[in-house]
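1. mind looking at a prediction? Sequence and model below.
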Amino acid sequence: MGTRAAISRIYRGEISADIVGRPKIWYTISGLLLALSIAGLLVQGLNFGVEFKGGSVFTFKAPSASIEQVRGAVGDGGAHQVIVQKAGGDWRVTTESLSSDQVTEVKTSVAKELTVPADKVSTQVVGASWGGEIQKKAWQALLVFMILIIAYLSVAFEWRMAVAAVVALVHDLVITAGIYAWSGFEVTPATLLGFLTILGYSLYDAVVVFDMIKEVTKPLGPTSKMTYSEAANQALSSTLVRSLNTSLVAILPVGAILFIGTTLFGAGTLKDLSLALFVGMIVGTYSSICVATPLLVQFKEREPKFKQLRQNIARREQSAKRASKAKVRAGAGASAASAEGDPSDDDAGEDAEHGTPEIRSTVTVRKVVQSGSRQQPKRGSRQQRRGGR
Amino acid sequence: MAPPKNAPKPGRTLLALFAIMVVLAGLAVWQGQTKPKLGLDLAGGTTVTLTAKTANGKNPPANQMNQAVKIMTKRVNGLGVSDAEVAKQGSNNIVVNVPGEGQGRVVNLIGTTAKLQFRQVFAVADGKPSSGAVPAPSPSPSKGTGEKKDGGKSPSPSVSASPSGSASPSASSTPRGRALSGALTAPTPKPSGSAAPSSTPSASSPLGQPSGQPTAPTQDYPGVTDKAVISQFEALNCYGGDRRAPGSNDPNRKFVAACDQDEESGQAAKYILGPVRVLGENVSSATAMPPNAQQGQASWSVSLKFDGTGARQFGEVTTAASQAYQQNPSSPQAQVAIVLDGQVVSAPSIREGAITGGTASIDGPPDSFDQQYATDLANVLKYGALPLEFKQSSIDEVSSTLGSDQLTGGLIAGAIGLGLVVLYCLFYYRGLGLVAVSSLVVASVITYEAVVILGEGMGFRLSLPHIIGLIVSIGITADSFIVYFERLRDELRAGRKLRSSVENAWKRARRTILVADAVTFLAALVLYFLAVGGVAGFAFAMGLTTLIDVIVVFFFTKPMVALLARTNFFGRGHPMSGLDPRRLHKAQDTSAPAARTTSQEA
């Protein structure tokens, strides 16, 4: 029953959790993950593929062999990263850099399994094709992109949102890279492309959430009844369903590719790319909700405008408490009535603060209307209408 | 049920979109392509092994090899978005993998040495050996340089340096004191509204008449101090064979003899050239320019910009040449030769005075100096000269590196994944899910069409990462629908009517979708322009899907929802439509955030 209720609440978009209110939890989690990732990058390092480091190339003739047989033969010789290519009647197999002992092993294995004379297997060293130039350019591009994105988001939203979004982005990239470092998965050009996709996805997600926050917090003024945090949390709650749906829809194909890639093919482009995407998307969804938003809220709460708002609300609450205490002291009957009418401290205080009875009564009326009695007859009438037809 | 006059007309928008899709499909068929082009990893390509040539046969220095790899990578990437690979093999080989079969043009381009030099001309003669003991000019068109697309045509380009403003007088009545050089400096027949002192070894010149030239064997060439070069010059035969005179590419030699790069109308001249005045390294940019009919230019041209040193040096050499022209318009020293790989591309005489603006342009006859030639030349010049000379030691067609199983696997997995997405959409959004699913289908079709068309137009080739990227992007595309649908449901929860909710929700969702897509598009744009190799291709795919996402949401999803809102099924909120107000509300649950905000704001 509990799960069913949860599902139907999700369906109606009614889940809400106080995510913004507890930034320390999220910062601790993220901090730990980041520390672990950085440690992984420093201690373990990334396992770069042939394309980045260069490797050994074996060339031999085996006209009757299939690509799988060749891959198998070289793989059995102890090479991990095997790229097989056929050029005319020759096979050209690229592996990671091998020591001379390993080269001999691969040669023997090829000779045995494909019946090629070992001395007919020629070996050469090949340099990195994704060399320093491409990596340098990639870093440059990343840097320029960050600057542009901060500029764009500062114009479209404001600089605080831009900074929060970019922090979340870096967070995602570092954690994904950290997972690669610890797991020892190979970093190939395909992986790099996966990282680039994360870059777009992470920001996209944050932007959608921020757009909602912007909308909800727009009407906030000095006399509003919500602090910025509360408003942001509400915005977050109402986009939570969207975030979850989007992530699910994006992760499903990636998951399928990852599953097929790992179970059917072992190492290869499919796995390299989809793993980066899979991890990055999960982290990206988490970070736009639990890192970017709390961070933004902390920035915003420092603004004088929202500081003032928070103080106003706190003052009102204070005086409300004092007032209700006074009430309790004054007469038991009255307090009992008010408590029964409204359990929430906040609202009770509202009534007490604005001393005039008219306002108090209007607020209370609105409360009642909200808490169902208005909905009830409306719903009834609709059913009646339906029944009538 | 007639909609009000100014209401959006979803039917028309949908029709327009389908018309666009049909046009795209027609375009693809018209191009003769119905399948996307595949990249190196999926379809194989051409592998070229280039071996460095050194004078002493030893291994070249490692840093020169690395620099050559760098330059070749740049050149290959300058050709488009298809990702080629350039790798060093051993100590003196470079392996270049280019996707696609029969990439002859690319292969020739990457290995071209392209040493560009500007030298002042000291003597000009017809390209036959002066001794007269050689057979008559061979009429056979030479393919010596191998750089041209088709050897029959003879691009013998001319340079027109363009100092701004000054009209070119180029009076045709140059006194022909000396037949040969006079002919060479004869103005081009073109109307030349451009301020271009330009000259071609022109077809109408008397240059080729074999007899009647008083070719004194050891003539005195004013200013030339190197006797060896003079005899080399006299023996040089520029018709057929290798046109590269020994040493003509050496920037350190004071005097060299050199041939025209190609014959034009059966004529080729030879030159004695003075010291190098400007080196190719001083060219800061080179751009292929389309013909500019307004300035009387009929061919493509390559416009060069020099850096500071280059501009100063070019100014100096043109000053000297221009002074020589003032003294004697037919003096060979009035010409400045553009030497590419030891051959003279053109040698215009400088009539307009010094060119100090730091720019020059190379053009030639329209039949050979076409877009491809100009682009390739610009690429070679822009991406620098190779520090070493290379010979092609092997050219192979190679198979794919991955095997088709990975592609099939990727496609099957993608299909399964998208299938799951479809199921989820239908489960969660019910009737609206159908809109989402058909939007995905439309997005897929447009993506496919675009990839096919761009494969032909821009050389965009799908590699496995691209395909996965596209599958995933289509998944991410679904986010736009989700943003819209959630807004729509918010409106309904707030108790509004469906018809007005469709428009209200759209207004709010539209901005979100545009801002979010702009971010992704910006990412794609930066990566495309700043990164190289496979990254550029991937960024291209990313930008493409983002644009398609916007198109689909604006021209399909939204009008579709608007159209469906008019039906009874959706309009009345049938339980299966996904828009049932009763399921979206839960009356007794008052803490629904949406309801609370609206009433508090009200």
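-> Everything's here; your move.

2. please see if stretch A:37-48 touches chain B.
-> No: legend: contact between stretch A:37-48 and chain B by C-beta under 8 Å from any C-beta of the partner chain is lacking; minimum distance shown is 14.3 Å. (C-beta placed from N, C-alpha, C; glycine too.)

3. what comes up buried for that stretch?
-> A:37, A:40-41, A:46-48 (16 or more other C-beta atoms under 10 Å in any protein chain shown).

4. not counting its own residues, what contacts stretch B:23-34?
-> With contact meaning C-beta atoms under 8 Å, 6 or more residues apart in numbering or on different chains, stretch B:23-34 is reached by B:446, B:449-450, B:452-453, B:455-456.

5. I misspoke; the intended subject was stretch A:283-299.
-> A:19-20, A:23, A:26-27, A:29-30, A:160-161, A:163-165, A:167-169, A:171-172, A:175-176, A:198, A:201-202, A:205-206, A:208-210, A:213, A:228-229, A:232, A:236, A:240, A:243-244, A:246-247.

6. the residue in the stretch 101-250 of chain A that chain B sits nearest to: what's it in contact with?
-> Using C-beta to the nearest C-beta, the closest approach of the stretch 101-250 of chain A to chain B is made by A:Gly127 at 3.2 Å. Neighbouring residues of A:Gly127 by C-beta under 8 Å, 6+ apart: A:54, B:69, B:87-89.

7. kindly recompute the last result at 6 Å.
-> A:54, B:87-88 (C-beta atoms under 6 Å, 6 or more residues apart in numbering or on different chains).

8. how is the residue lying closest to it once chain neighbours are set aside assigned, secondary-structure-wise?
-> Of all residues not flanking A:Gly127 in the chain, B:Lys88 sits nearest, at 3.2 Å (C-beta to C-beta, 6 or more residues apart in numbering or on different chains). Local secondary structure at B:Lys88 is given as strand here, using DSSP: H, G, I helix; E, B strand; the rest coil.

9. one step back: in helices, which of the contacts of stretch A:283-299 fall?
-> A:23, A:26-27, A:29-30, A:160-161, A:163-165, A:167-169, A:171-172, A:175-176, A:198, A:201-202, A:205-206, A:208-210, A:213, A:228-229, A:232, A:236, A:240, A:243-244, A:246-247 (DSSP state H).

10. out of the residues you listed, which end up buried?
-> By 16+ other C-beta under 10 Å, the ones in helices among the contacts of stretch A:283-299 give A:23, A:26-27, A:30, A:160-161, A:163-165, A:167-169, A:171-172, A:175-176, A:198, A:201-202, A:205-206, A:208-210, A:213, A:228-229, A:232, A:236, A:240, A:243, A:246-247 as buried.

11. in the stretch 351-500 of chain B, which spans are helices?
-> All helices of the stretch 351-500 of chain B, identified by DSSP state H, counting those that start in this stretch, fall at B:371-382, B:404-429, B:431-457, B:464-493, B:498-530.

12. need these in CSV (columns: mean neighbour count and mean pLDDT).
-> Shown next, in CSV, are the helices of the stretch 351-500 of chain B (neighbours: other C-beta atoms under 10 Å in any protein chain shown; pLDDT from 0 to 100):
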stretch, mean neighbour count, mean pLDDT
helix B:371-382, 21, 77
helix B:404-429, 19, 82
helix B:431-457, 20, 85
helix B:464-493, 26, 80
helix B:498-530, 20, 85
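
13. distance to chain A added to those helices, as a markdown table?
-> Formatted as a markdown table, the helices of the stretch 351-500 of chain B follow (distance: least, C-beta to the nearest C-beta, whole Å):
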| stretch | distance to chain A |
| --- | --- |
| helix B:371-382 | 15 |
| helix B:404-429 | 3 |
| helix B:431-457 | 9 |
| helix B:464-493 | 4 |
| helix B:498-530 | 4 |
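
14. out of those, nearest to A:Pro189?
-> helix B:464-493 (7.2 Å; C-beta to C-beta).

15. which pLDDT does the model give A:Ser30?
-> Looking at A:Ser30, its pLDDT is 92.

16. list the buried residues in stretch A:221-234.
-> A:224, A:226-234.

17. the residues you listed: which ones sit near chain B?
-> By C-beta under 6 Å from any C-beta of the partner chain, the members of the buried residues of stretch A:221-234 lying near chain B are A:Gln234.

18. which pair in the buried residues of stretch A:221-234 spans the largest distance?
-> Across the buried residues of stretch A:221-234 (C-beta to C-beta), the longest gap, 14.3 Å, separates A:Ser224 and A:Asn233.

19. where does the prediction get shaky in the stretch 1-150 of chain A?
-> Within the stretch 1-150 of chain A, the set of residues satisfying pLDDT under 70 comprises A:1-17, A:130-134.

20. that one: strands as residue ranges?
-> A:47-48, A:55-61, A:83-87, A:90-96, A:122-126 (DSSP state E, counting those that start in this stretch).

21. of those, which is nearest B:Glu491?
-> Once the strands of the stretch 1-150 of chain A are compared by C-beta to C-beta, strand A:47-48 is nearest, at 50.3 Å.

22. and the residue nearest to A:Gly127, what does it touch?
-> Contacts of B:Lys88 by C-beta under 6 Å, 6+ apart are A:127, B:65, B:69, B:94.

23. find the nearest non-adjacent residue to B:Phe427, please.
-> Nearest to B:Phe427 is B:Gly433, by C-beta to C-beta, 6+ apart, at 7.3 Å.

24. which SS class is A:Ala256?
-> Applying three-state DSSP: A:Ala256 is helix.

25. is it true that it touches B:Ala415?
-> No: look at A:Ala256 against B:Ala415 with C-beta atoms under 6 Å: they stay out of range, at 8.3 Å.

26. just name the shakiest helix or strand of chain B by mean pLDDT.
-> In chain B, the helix or strand scored least confidently by mean pLDDT, DSSP states H and E is helix B:179-185, which has a mean of 33.

27. following that one, which helix or strand comes up?
-> With elements assigned by DSSP states H and E, the helix or strand that comes after helix B:179-185 is helix B:227-235.

28. tilt between the helix or strand following that next one and helix B:227-235?
-> Sequence-wise, the next helix or strand downstream of helix B:227-235 (DSSP H and E) is strand B:256-260. Between the axes of strand B:256-260 and helix B:227-235, defined by axes from the mean of the first three to the mean of the last three C-alpha atoms, to 10 degrees, the angle is 20 degrees.

29. relative to B:Val29, how far out is B:Phe18?
-> According to C-beta to C-beta, to the nearest Å, B:Phe18 stands 16 Å off from B:Val29.

30. one more: A:Val249?
-> For A:Val249, the distance to B:Val29 - C-beta to C-beta - is 33 Å.

31. who has more neighbours, the two?
-> Taking neighbours as other C-beta atoms under 10 Å in any protein chain shown, A:Val249 and B:Val29 compare with A:Val249 leading, 27 against 11.

32. can you pull the phi and psi angles for the more buried one?
-> For A:Val249, the backbone dihedrals (degrees, to the nearest 10) come out as phi -60, psi -40.

33. once you drop chain neighbours, what's closest to it?
-> Closest to A:Val249 by C-beta to C-beta, 6+ apart is B:Ala478, at 4.6 Å.

34. that neighbour reaches A:Leu248, doesn't it?
-> No: the criterion here is C-beta under 6 Å, and B:Ala478 misses it with A:Leu248 at 9.7 Å.

35. the residue nearest to A:Gly127 bridge partners, please.
-> Beta-bridge pairing of B:Lys88, defined through DSSP bridges, involves B:Ile94.

36. columns distance to A:Ser64 on top of the contacts of A:Gly127, output as CSV?
-> Formatted as CSV, these follow (distance: C-beta to C-beta, whole Å):
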residue, distance to A:Ser64
A:Gly54, 30
B:Ala87, 29
B:Lys88, 32
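
37. next up, the contacts around A:Ala156.
-> With C-beta under 6 Å, 6+ apart, A:Ala156 has these contacts: B:Val515.

38. what are the phi and psi values at it?
-> Torsion angles, degrees, to the nearest 10, at A:Ala156: phi -70, psi -40.

39. distance of it relative to B:Gln372?
-> Taken as C-beta to C-beta, the span from A:Ala156 to B:Gln372 is 42 Å.
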